[in-house]
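1. With the sequence up front, the predicted model follows.
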Amino acid sequence: MIHITSKLPQTGTTIFTIMSALAAQVGAINLSQGFPDYDCPPELVNLVDKAMREGHNQYAPMAGLMSLREQIAIKTEKLHQAVYNPDTEITITAGGTQAIFTAICCAIQPNDEVIVFEPAYDSYGPAIKVMGGVVKSLELSPDDNYAIPWDMVRRLISNRTRLIILNTPNNPTANILQQNDIDELCAIVKDQDILILSDEVYEHLVYDGQTHHSMARYEELRKRSFIVASFGKLFHTTGWKMGYCIAPAQLMAEFRKVHQFLVFSVNSPMQYAIAEYLKDESSYNGLATFFQQKRDHFREGMAQTRFELLPCAGSYFQSVKYDSISDEKDTDIALRITKEFGVASIPTSSFYSRGTDHHVLRFCFAKKQETLDKAVDKLKRI
C-alpha cells in the first residue's frame with residue numbers, strides 16, 4: 001500500500017461548501033458564499049465570444065496577454081499613481097487564490113514566520129503550512145471594529161518574520177485600512193527584510209467616499225509587496241477564475257518561476273475580452289456606487305431585524321451580531337437559521353484558526369434586490 005503524509009491537518013468539507021450545499025438541499029436563499037446571483041455585463045460575454053470566433057483559443061503567454069497587462073498598468077497608474085512595467089511586473093493568474101498561493105510559495109522558506117490577521121480568508125494558512133512556514137496569527141475583534149493593534153504586531157516580529165499578509169477591503173469583516181494603519185505598517189517594515197502580500201480583490205468596493213489604500217500607493221510598501229486582484233470580483237465573473245498579481249520586477253521574477261509550473265498560463269479568449277473591456281474606465285469606476293446601493297438597501301432591511309449590524313466600509317459582505325437573539329455557537333445558529341428560516345450565512349468562527357466565536361454571522365449582499373428583500377423578510381421572523 002502506498003502512503004503519503006500531508007503537511008496539513010485532516011480536514012472535512014469547508015463550512016462554505018457545507019452552507020451552500022445545505023441551502024440547496026432545503027431551498028434556502030444563499031447569502032453565504034461570495035458570488036452574485038446576477039449575470040456579468042453582456043458586452044463582456046460578447047467580447048469573449050468574439051475572441052473565440054477570431055481563433056484566440058490556444059495558450060496565452062505564460063505571464064498573460066500583453067494587451068491585458070498594459071491595461072492593468074494603465075489602470076494602476078491612474079488609480080494609485082504607481083508605475084508598473086507590464087512586461088516584468090504584472091502576471092495574469094487563474095483567480096486571486098492562485099495568485100495568493102503562488103506569492104506565498106515564492107516568498108517563504110521552511111520555518112519562516114508569516115503574520116496573518118484573523119478573521120482571515122481561509123486559503124492563507126494552508127498555503128503557508130504547505131511551504132513549511134509558521135503562521136503567527138493575530139486575532140482581531142468586532143468589539144473594536146477589527147482594528148489592528150500595531151503594538152502587538154511589533155511584538156510578533158522576529159528575525160524569522162518573512163511575510164505579512166493583509167486583506168483590504170477585508171473578507172469577512174468589511175473593514176478597510178486607514179491612513180494611520182499605513183503609517184504604522186511603513187514604520188514597522190522600514191529597514192526590515194519583510195515582504196507583504198496584499199490581498200486587494202475587493203479594491204473597487206470601498207464606500208462612503210473613503211480611499212482604498214493600496215500598497216501600490218506607498219513607496220516603502222510597494223517595493224516589498226505582492227498585490228493580488230481579481231477580475232471575478234471586478235466583473236461578477238467568479239466562475240471564470242481570472243485574476244492578477246503585480247509586484248516589483250525582482251519579486252515578480254520569483255513569482256513567475258512558481259506560476260509557470262503551477263498553471264503555466266490562463267485562458268486566452270477571456271484575456272482578450274477583459275483587455276478590451278478595461279479600456280472603458282467606467283467598467284470599474286462605477287462599482288463602488290453599484291455595490292453601495294446594494295449595501296445600503298440590505299442594511300436598511302436588516303435594521304428591521306433583531307440582528308446588530310456591524311460597520312461595512314468595503315467588500316460585498318455584511319456582518320451582524322446575534323447576541324440579542326441567542327447564545328448559541330455561531331455554527332449552530334447558522335445551520336438552524338438556514339433550516340428553519342431559509343437563509344444561509346457564514347459563521348465567522350470559520351475564519352479563525354482557533355474557531356474563535358464572537359457570535360457574528362456574515363451575509364453576502366452581491367445579490368439581486370429581490371433576493372435581498374426575500375432574505376430580509378425571512379430574517380425578520382427570527
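-> Here it is on my side, so go on.

2. send the alpha carbons of stretch 368-378 over as PDB?
-> Output in PDB follows, covering the C-alpha atoms of stretch 368-378 (Å, rounded to 0.1, in the frame of the first residue of the first chain):
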ATOM      1  CA  LYS A 368     -30.400  40.900  -6.900                       C
ATOM      2  CA  GLN A 369     -32.600  43.400  -4.900                       C
ATOM      3  CA  GLU A 370     -35.500  40.900  -4.900                       C
ATOM      4  CA  THR A 371     -33.200  38.200  -3.500                       C
ATOM      5  CA  LEU A 372     -32.100  40.500  -0.700                       C
ATOM      6  CA  ASP A 373     -35.700  41.600   0.000                       C
ATOM      7  CA  LYS A 374     -36.800  38.000   0.300                       C
ATOM      8  CA  ALA A 375     -34.000  37.100   2.600                       C
ATOM      9  CA  VAL A 376     -34.700  40.100   4.900                       C
ATOM     10  CA  ASP A 377     -38.400  39.200   5.100                       C
ATOM     11  CA  LYS A 378     -37.400  35.700   6.300                       C
END
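
3. count of neighbours near Lys50?
-> Neighbourhood size, Lys50 [other C-beta atoms under 10 Å]: 14. For the C-beta atoms, the positions are set from N, CA and C on the backbone; glycine is no exception.

4. Oh, that last question was meant for Leu156, not what I typed.
-> Neighbour count of Leu156, defined by other C-beta under 10 Å: 14.

5. what are the phi and psi values for Asp122?
-> When quoted as degrees, to the nearest 10, the phi and psi of Asp122 stand at phi -80, psi 0.

6. In contact with it, which residues?
-> The contact partners of Asp122, by C-beta atoms under 8 Å, 6 or more residues apart in numbering, come to 14, 16, 350-351.

7. at 6 Å instead, please
-> By C-beta atoms under 6 Å, 6 or more residues apart in numbering, the contact list for Asp122 is empty.

8. Quick check: it vs Gln33, distance?
-> Applying C-beta to C-beta, to the nearest Å, the value for Asp122 to Gln33 is 12 Å.

9. wait, doesn't His90 sit right on Glu70?
-> Actually, residue 90 is Ile rather than His. No. Between Ile90 and Glu70 there is no contact under C-beta atoms under 6 Å: 8.6 Å.

10. Pick out whichever of these two has more residues nearby.
-> Legend: neighbour count by other C-beta under 10 Å for Ile90 and Glu70, higher for Ile90 (24 against 15).

11. partner residues bridging that one?
-> Listed beta-bridge partners, Ile90: Ile246 (assigned using DSSP bridges).

12. Contact partners for it?
-> The contact partners of Ile90, by C-beta under 6 Å, 6+ apart, come to 69, 72, 84, 246.

13. Let me know how buried the second one is, in neighbour terms.
-> This means Ile72. Number of residues near Ile72 (other C-beta under 10 Å) recorded here: 23.

14. which SS class is it?
-> Here Ile72 is recorded as helix under DSSP: H, G, I helix; E, B strand; the rest coil.

15. which residues does it contact?
-> Counted by C-beta under 6 Å, 6+ apart, Ile72 has contacts 90, 244.

16. now it: how far from Glu203?
-> Applying C-beta to C-beta to Ile72 and Glu203 gives a distance of 12 Å.

17. next one: Met252
-> Met252 is 19 Å from Glu203, where distance means C-beta to C-beta.

18. Please apply the same query to Ser265.
-> Per C-beta to C-beta, Ser265 is found 24 Å from Glu203.
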